[in-house]
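Trainee: Structural data only, the sequence is not supplied:
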Ligand code: SAJ
């Protein structure tokens, strides 16, 4: 088998949670990497060797790669031997994928192609998108279409290699996880695999593009369905006046049962989004996947209503909400159920003082700053001032708080953190 390792210049389009760690992983192993972003502030920060978001070990890798001269950032797409597209793929109101950023990345790459380059789509995309990228390139660069190709395939190796890293552990998982590389042709997969061989210690599994696209969606839908199961159990247990954590602890003693952890809802830009691409692609068939999304999406409203119900016994309560991030120990607030819950509490209880403690951010996000009754506070102060304490994120930071601070308060622990 041809197991060559890529040498050459890589351009990475999109210096976000995936693009920047990938750039650092390649550059620290000696590959020349140009990171490209439409956001001038991101380009400036990376050029200085700084990281515009929190991710363990990323800052050291980026500053090291910039200092070595291996990683540079630019707002212009250069010529490169391999392009990695790591731009957002949000979804439209009808849950179909919004591919405008992918399209614009492809349009910015096309003029620089000379033939023989590798173009990898890392952005999570519905089946067929990577084939679409190949078609777009053929349309944009008819001069590159291979002469004997009846399907108009350009002389560019186009592949999909979905990222699978866990935010909070990106720098570890980027190296250790297996990678799936789906090529528009088997040769495309081989060429793209060589790029990941530079830094990946996992198995690099070659396949076709559409299967790789679907596999990525399946991974996140699988997790979403399993979390929905746990969240549904938490609702059932509440009605039956059972402790869901105890029920799950007992059930998980079965050798083939592993129920996940209920929480305030499912956030982040992946699990809360990707299953919709499956629903969008096969709406009639995706009943379980759709229902799981709905169960998880309803959980924040349920939590807010429970908090409102608990506040009824107080005349003028103060509520402390601990955590805003979508999960523990990161500063990412995207699609965060905690943000949604705080907004819903502020709306349901407009006269109530809501103190939010989030050690990972220094200011409230715009959607919460709009509520005059919501303020950012330190965790200890917020708890001291409050009648009701709502634990929304299981940050390590909150572990350091003495449990005695909760004495006499109504505590609503959505994560089983203080159990
Ligand atoms: N959550 C629960 N209960 C659990 C596990 C998670 O409520 O038992 C919640 C979290 O609090 C969070 C959300 O689900 O709000 C998602 O968190 P996560 O840690 O499960 O996953 P993400 O979104 O940070 O990262 C996922 C990962 N996918 C899978 O594990 C299948 C990661 O490997 C992917 O690379 C990433 O999505 C992505 O970018 O697609």
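Mentor: Received the coordinates, thanks. Bear in mind the structure is a predicted one, so any value in this text is a computation, not a measurement. Residues are numbered from 1 along each chain as shown.
Trainee: and residue 50, what does it touch?
Mentor: 59, 62, 63 (Cβ atoms under 8 Å, 6 or more residues apart in numbering). For glycine as for every other residue, the C-beta is placed from the backbone atoms N, C-alpha and C.
Trainee: Let's see the pLDDT reported for it.
Mentor: pLDDT recorded at residue 50 is 96.
Trainee: Assumed it was part of a helix.
Mentor: No: using DSSP: H, G, I helix; E, B strand; the rest coil, the assignment for residue 50 is coil, not a helix.
Trainee: Domains in this structure, by residue range?
Mentor: 9-202, 220-413 (automatic domain parsing).
Trainee: quick one on the thing from earlier: now distance to residue 154 too, for the contacts of residue 50, in CSV please.
Mentor: Formatted as CSV, those follow (distance: Cβ to Cβ, whole Å):
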residue, distance to residue 154
59, 38
62, 33
63, 37
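Trainee: Just give the closest residue to residue 403, not the sequence neighbours.
Mentor: In space, and not counting its chain neighbours, residue 403 is closest to residue 418: 6.6 Å by Cβ to Cβ, 6 or more residues apart in numbering.
Trainee: can you pick the most crowded of the contacts of residue 50?
Mentor: residue 62 (28 neighbours; other Cβ atoms under 10 Å).
Trainee: sec struct for it, please.
Mentor: What three-state DSSP gives for residue 62 is helix.
Trainee: Tell me who's in contact with it.
Mentor: Residue 62 touches 20, 23, 24, 46, 49, 50, 51, 71, counting by Cβ under 8 Å, 6+ apart.
Trainee: farthest-separated two in these?
Mentor: Within the contacts of residue 62, two members stand farthest from each other by Cβ to Cβ: 23 and 50, at 13.4 Å.
Trainee: Can you verify residue 221 is assigned to a helix?
Mentor: Yes: assessed with three-state DSSP, residue 221 lies in a helix.
Trainee: Around the ligand, pick out the residues from the stretch 51-200 of the chain.
Mentor: 124, 163, 164, 165, 166, 167 (Cβ under 6 Å from any ligand atom).
Trainee: Filter these down to the buried ones, PyMOL style.
Mentor: With 16 or more other Cβ atoms under 10 Å as the burial test, the buried ones among these are selected in PyMOL as follows:
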select buried, resi 124+163+164+165+167
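Trainee: elements contacting the helix or strand residue 72 falls within?
Mentor: If you go by DSSP states H and E, residue 72 is part of strand 71-74. Other helices and strands packing on strand 71-74, by 3 or more Cβ pairs under 8 Å, 6 or more residues apart in numbering; DSSP states H and E, are helix 19-27, strand 32-36, helix 40-47, helix 58-67.
Trainee: Noted, bye for now.
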